[in-house]
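K.L.:
Predicted model and sequence follow; I will ask about them next.
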Amino acid sequence: MSSVNWPEKFPVLETERLLLRRVSSDDAGGLFLCYSDPEVMKFLSAPLDNEDAIEGILEEYKEGFSRGCNLIWSIVIKKTGVFAGTAGFEEFSFLDSKADIGFSLLPSHQGVGYMRETLLEIINYGFQSMNINRIQTTVVSGNASSVKLLEKLGFHREGHMKQSVFFNNSYHDELMFALLNGMQE
Ligand SMILES: CC(C)(COP(=O)(O)OP(=O)(O)OC[C@H]1O[C@@H](n2cnc3c(N)ncnc32)[C@H](O)[C@@H]1OP(=O)(O)O)[C@@H](O)C(=O)NCCC(=O)NCCS
C-alpha cells in the first residue's frame, strides 16, 4: 500500500554550501524581499506590496509541518548564514504518495546553482525517506529558468494547461512537470 512517511521531527538537511532548515520568524525580512520582488514573482502571482501578508505566510510555512500539510525549508548559505530563498513540498496527496514542489530564490542568489543543490537534496529526501512516489509542479509558460532547472533534474513535461491561472490582469498557461521515484537522474 502506498503511504507517505511523515517525519517526527522537522528534517534539517545539509548540502555542500547550504543549510536547509525550518522557516522561522527571523526569515520575515528575507521572505518579504523575495515575495515583493517583481522578478521573483513574475511567473507566480502579484508581488506583495505590504509586509502585513508575511505574517500569514510565515505561519503557513512554520506550522505546515506540525499540521502535516506542507514541508517548506528556508535555504541558508552556510558560509554567511544569509537567507537565500525557500523550497519544499507545498502540498501532499497522501493516498497517492504525491507531492507538489515549489521554490524561489532571491535574485542576488540566483545563477550559482543553489536551487539545483537544494532540490537535489529535497527530492532525494522525499523519495528515500518519505516514500513519495511522484513529485510534480506546474510552471507558468515562459518561466525559462524554472523549466531549465526541472529538466536538468530529470522532470518530464507532461502537459500544457491553457489559461489555467489568472494574475497580473491576465490568464496564463501552465506546464505540468513530474518526476517519479526511481526515475531521477
Ligand atoms: C527558478 C529559480 C529558482 C532558478 O534559479 P537559478 O539560480 O537559475 O537555478 P540553479 O540553482 O539551477 O542555478 C542554475 C544557474 O547557475 C549556474 N551555476 C553556477 N554555478 C553552478 C553550480 N555549481 N551548479 C549548478 N549550476 C551552477 C548555472 O550555469 C545556471 O545558470 P544559467 O541558467 O545561466 O545557465 C529562480 O529563477 C527563481 O527563483 N525564480 C522565481 C521563482 C519561480 O519562478 N519559481 C518557480 C515556481 S514553479
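P.N.:
Sure, I can see it.
K.L.:
And the helix or strand of the chain with the lowest mean pLDDT, how far out from the chain middle?
P.N.:
None of the helices or strands of the chain scores lower by mean pLDDT, DSSP states H and E than helix 53-67, at a mean of 93. Offset of helix 53-67 from its chain centre (C-alpha atoms, centre = their mean, to the nearest Å): 14 Å.
K.L.:
ok, now stretch 57-75?
P.N.:
Here the centre of mass of C-alpha atoms in stretch 57-75, compared against the chain's by C-alpha atoms, centre = their mean, lies 11 Å away.
K.L.:
How about that stretch and the ligand, touching?
P.N.:
No: using C-beta under 6 Å from any ligand atom, we find that stretch 57-75 stays clear of the ligand, coming within 9.7 Å at best. Where C-beta positions appear, they are placed from N, C-alpha and C, glycine not excepted.
K.L.:
So which residues on this protein come close to the ligand?
P.N.:
Residues of the chain lying close to the ligand (C-beta under 6 Å from any ligand atom) are 40, 43-44, 102-105, 110-116, 137, 139, 143, 145-146, 148-149.
K.L.:
Any of those buried? List them.
P.N.:
Buried members of the residues of the chain next to the ligand, counted by 16 or more other C-beta atoms under 10 Å: 40, 43-44, 103-105, 110, 114-115, 137, 139, 143, 146, 149.
K.L.:
quick revisit: so which of the residues of the chain next to the ligand are in helices?
P.N.:
By the criterion of DSSP state H, membership of the residues of the chain next to the ligand in helices covers 40, 114-116, 145-146, 148-149.
K.L.:
now those residues as JSON lines including pLDDT?
P.N.:
Listed next are those as JSON lines, based on pLDDT from 0 to 100:
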{"residue": "40", "pLDDT": "97"}
{"residue": "114", "pLDDT": "98"}
{"residue": "115", "pLDDT": "98"}
{"residue": "116", "pLDDT": "98"}
{"residue": "145", "pLDDT": "98"}
{"residue": "146", "pLDDT": "98"}
{"residue": "148", "pLDDT": "98"}
{"residue": "149", "pLDDT": "98"}
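K.L.:
Please identify which two of those residues are farthest apart in space.
P.N.:
Across these, the longest distance by C-beta to C-beta is 17.0 Å; it joins 40 and 116.
K.L.:
where does the protein have low pLDDT?
P.N.:
1-2, 185 (pLDDT under 70).
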